[in-house]
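[1] sequence below, structure please.
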Amino acid sequence: MGKVVVIVGATAVGKTAVSARLADVIDGEIVNADASSFYRGMTVGTAKPTLEERSRVRHHLIDIAAPDETVSVGEYQQMVYAVFDEILARGKVPLLVGGSGLYIRAVVEGYLIPEVPPQEAFRAEMEAFVERAGKEALFARLEAVDPTAAARIDYRNARRVIRALEIYAVTGQTEAERNLKQDLPYEFVMVGLARPREEIYARVDARIERMLAGGLVAEVEALQAAGYDFSLPALSAIGYRQVARMLAGEMDEEEVVAEMGKFTRRLVRQQSNWFIKRDKERTVWFDLGEEGVYEKIEEYVQGWLG
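    Prediction:
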């Protein structure tokens, strides 16, 4: 069984620093599990590891798609397993690091994900339904046919609700009915990173300031110049649409900062709830505000690796 370290936690908690330090100690390579970091041309606004950090520790599955492409959970899962095998074959330790809970869970649990290609006519029909009836009515449709899928999806995320309905329409099975798992040749240890909520919020505010000072506006301008439509799912990453609206004269910088902060704090709460509720039993949590916590994490992981 190949041993894999999984590091989870909310946005801005400090996953990048912990994983880079741990990779040095255990001779590991980092596998990205933040969906927003899949996309090329979106670096500042997604807080990707810097080029210096990536030169020091090898990173995988960053910049693997254009903003107008999609990386499904199933595609990601298979890419991750292939990368795990490559890393393990070199005698190194894979570290799966990120905050995209659905992607991480698919990898760790080994779900057999149905290969359902986009059904454009169905999607157009559902999008029209949302325009007429609203997101709550769309979500009620999903609850009626697949309550298991509905239980894990935020009703406000119409794109994911439509995808769940699309899979049900094609397969004729609920998530519970098709919730089969494959036998995996990997053993996982889950490390959760936490901080007091107000401390994370302060880090979020500081990160937003760094993004705006460090080139987010130029990044959005480059994406606009390349012709990307800001209604694309990839460009729903926090900051991009807000800055695009500022450039269009619809918001000022103060409003951009406020909205980015509001949306990111909401994301922090959603991520924290996801990892605590769904992986409470298998995740060991460390408070990054505690003295000597880095050493404690290293000792715990090294002990697990043997």
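[2] just say helix, strand or coil for Glu250.
    State at Glu250, reduced to three classes by DSSP: H, G, I helix; E, B strand; the rest coil: coil.
[3] how close does it sit to Ile238?
    17 Å (C-beta to C-beta, to the nearest Å). For the C-beta atoms, the positions are set from N, CA and C on the backbone; glycine is no exception.
[4] between these two, who's got more neighbours?
    Ile238 (21 against 10; other C-beta atoms under 10 Å).
[5] which stretch of helix or strand covers the residue lying closest to that one once chain neighbours are set aside?
    Distances taken as C-beta to C-beta, 6 or more residues apart in numbering put Phe263 closest to Ile238, at 4.8 Å, once the chain neighbours are dropped. Using DSSP states H and E, Phe263 sits within helix 253-278.
[6] quick check: buried residues in stretch 191-202?
    191-195, 199-201 (16 or more other C-beta atoms under 10 Å).
[7] pull the residues that contact it.
    5-15, 18, 203, 261, 265, 268, 272, 275, 279, 283-289, 297, 300-301 (C-beta atoms under 8 Å, 6 or more residues apart in numbering).
[8] let me see the mean pLDDT of that stretch.
    Stretch 191-202 comes out with an average pLDDT of 95.
[9] got the CA coordinates for it in CSV?
    Presented in CSV, the C-alpha positions along stretch 191-202 are these (Å, rounded to 0.1, in the frame of the first residue of the first chain):
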residue,chain,number,x,y,z
VAL,A,191,-4.1,16.1,8.7
GLY,A,192,-6.5,19.0,9.4
LEU,A,193,-5.2,22.5,9.9
ALA,A,194,-7.1,25.0,12.0
ARG,A,195,-6.9,28.4,13.5
PRO,A,196,-9.3,30.6,15.5
ARG,A,197,-11.9,31.9,13.1
GLU,A,198,-11.1,35.5,13.7
GLU,A,199,-7.5,34.9,13.0
ILE,A,200,-8.3,33.2,9.7
TYR,A,201,-10.5,36.2,8.8
ALA,A,202,-7.6,38.6,9.5
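[10] just use 16 as the starting number from now, easier for me
    All right, first residue 16 from here; so that's stretch 206-217.
[11] low-confidence bits of this protein, can you list those?
    Residues of the chain meeting the criterion pLDDT under 70: 194, 292-295.
[12] next, name the residue at the spatial heart of it.
    Ser115 (2.5 Å; C-alpha atoms, centre = their mean).
[13] with adjacent residues omitted, what lies nearest to that residue?
    Ala50 (4.4 Å).
[14] burial of that neighbour, as a residue count?
    Residues near Ala50, counting by other C-beta under 10 Å: 20.
[15] OK, contacts around it?
    86, 91, 113, 115, 118.
[16] following the host helix or strand of the second one, which helix or strand comes up?
    With elements delineated by DSSP H and E, Tyr91 resides in helix 88-104, which encompasses its position. Downstream of helix 88-104, the next assigned helix or strand under DSSP H and E is strand 108-113.
[17] list the contacts of that next one.
    Residues beyond strand 108-113 that count as contacts (C-beta under 8 Å, 6+ apart) turn out to be 17-23, 30-31, 34, 37-38, 41-50, 52, 95, 98-99, 102-103, 119, 122-123, 320.
[18] can you do 7 Å?
    18-22, 30, 34, 37-38, 41-49, 95, 99, 102-103, 119, 122, 320 (C-beta atoms under 7 Å, 6 or more residues apart in numbering).
[19] taking helix 88-104 as reference, get the angle to it.
    Note on geometry: by axes from the mean of the first three to the mean of the last three C-alpha atoms, to 10 degrees, strand 108-113 and helix 88-104 are set 150 degrees apart in direction.
[20] which other helices and strands does the helix or strand following strand 108-113 contact?
    Downstream of strand 108-113, the first helix or strand assigned by DSSP H and E is helix 116-124. Where contact means 3 or more C-beta pairs under 7 Å, 6 or more residues apart in numbering; DSSP states H and E, helix 116-124 is packed against strand 17-24, helix 88-104, strand 108-113, helix 268-293.
[21] same thing but 6 Å
    For helix 116-124, the elements it packs on are helix 88-104, judged by 3 or more C-beta pairs under 6 Å, 6 or more residues apart in numbering; DSSP states H and E.
[22] burial check on Pro248, number of neighbours?
    15.
[23] count the residues that sit near the nearest residue to it once chain neighbours are set aside.
    Among residues not flanking Pro248 along the chain, Arg174 sits closest, at 5.9 Å (C-beta to C-beta, 6+ apart). Neighbour count for Arg174, taken as other C-beta under 10 Å: 15.
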